[in-house]
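> Sequence first, predicted coordinates after that:
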Amino acid sequence: LLLRVGAWYASAGELVLFWMSCLVALQHESAHAFAAAKLGYKLNRIVLMPFGAVIDGDLRGISLKDEIYVAICGPLCNLVTAAFFVAVWWCYPATYPYTDSACYSSLTVALVNLIPAYPLDGGRILKCALVRALSGGNTHIDAEKRADGLCRAITLVCAAALFVGFATVCVRGENNLTLLCFGIFLLVGAFGDRDKTAVYDKMDFSCRDALRRGTELR
């Protein structure tokens, strides 16, 4: 499906924009992988889709603080990239026509992923923060269930807003399939395959690092 979308972009003369979007998505997911690897976890496969990307793996057993760290590294990497290109424009204005797509793509991916809707990074960060806040007077399981319910409600509101935006655009005689596809993506991510068991794999690391971190070495 991704290749078909790429062919459509090529026919429209926007192949460079398509490749740029793929590279930005790869950079974003790789930042998650590097952050997880630093904590001793392995995220082992990136899947590119027409309207986004996901990285396979399981952080089961990771602390809430570390999960927030892994989640924030993706958008942060894109924001740093966008800021780098802005700095390049400031120093060398003539480079703007050659780097504007990279900057705006990076900025868009970062800001979209910070939306507090699951399964976006912002939604994951919000869920971890809610679990930490609700764990004071509740058990961890109860806090996680309540946080999950709140995140689903917020995701539903975000998806509904996207569908309303898509309908409004259609009434005006225009067309924006991105709004529709993004809304569907949020619904599927928040409500589909929630109980699916993923493969978990721990990265190899030295005994010195294991002892320094105070973790069990198997």
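Thanks, I have the structure now. Numbering: from 1, shown residues only.

> From here on, just use CA atoms for contacts and neighbour counts.
Will do.

> Now do the contacts for residue 109.
By C-alpha atoms under 8 Å, 6 or more residues apart in numbering, the residues touching residue 109 are 24, 25, 75, 78.

> Among these, the buried ones, what's the ChimeraX command?
Buried subset of the contacts of residue 109, written as a ChimeraX selection, criterion 16 or more other C-alpha atoms under 10 Å:
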select :24,25,75,78
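
> Mind putting the contacts of residue 109 into a markdown table with secondary structure and pLDDT?
Listed next are those as a markdown table, based on DSSP: H, G, I helix; E, B strand; the rest coil; pLDDT from 0 to 100:
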| residue | secondary structure | pLDDT |
| --- | --- | --- |
| 24 | helix | 90 |
| 25 | helix | 89 |
| 75 | helix | 94 |
| 78 | helix | 94 |
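
> Just the closest of the contacts of residue 109 to residue 180, please.
Nearest to residue 180, judged by C-alpha to C-alpha, of those is residue 25 at 19.8 Å.

> burial count for residue 118?
Residue 118 has 28 neighbours, counted by other C-alpha atoms under 10 Å.

> Just confirm it is within a helix.
No - applying DSSP: H, G, I helix; E, B strand; the rest coil, one finds residue 118 to be coil, outside a helix.

> Which of the contacts of residue 109 sits closest to residue 116?
Using C-alpha to C-alpha, these come closest to residue 116 at residue 75, 12.7 Å.

> I'd say the closest one and residue 114 touch.
Yes - here residue 75 reaches residue 114: they are 7.0 Å apart, a contact under C-alpha atoms under 8 Å.

> Give me the nearest residue to residue 183, chain neighbours excluded.
Nearest non-adjacent residue to residue 183, counting by C-alpha to C-alpha, 6 or more residues apart in numbering: residue 159, 4.5 Å away.

> residues near that neighbour, how many?
22.

> For residue 46, see how far away it is.
24 Å (C-alpha to C-alpha, to the nearest Å).

> just residue 101 next, same as before
In this view, residue 101 and residue 46 are 23 Å apart by C-alpha to C-alpha.

> Show me what the strand or helix carrying residue 65 is packed against.
Following DSSP states H and E, one finds residue 65 within helix 64-91. The elements that helix 64-91 packs onto, with contact taken as 3 or more C-alpha pairs under 8 Å, 6 or more residues apart in numbering; DSSP states H and E, are helix 15-38, helix 96-113, helix 121-134.

> I am finished for the moment; much appreciated.
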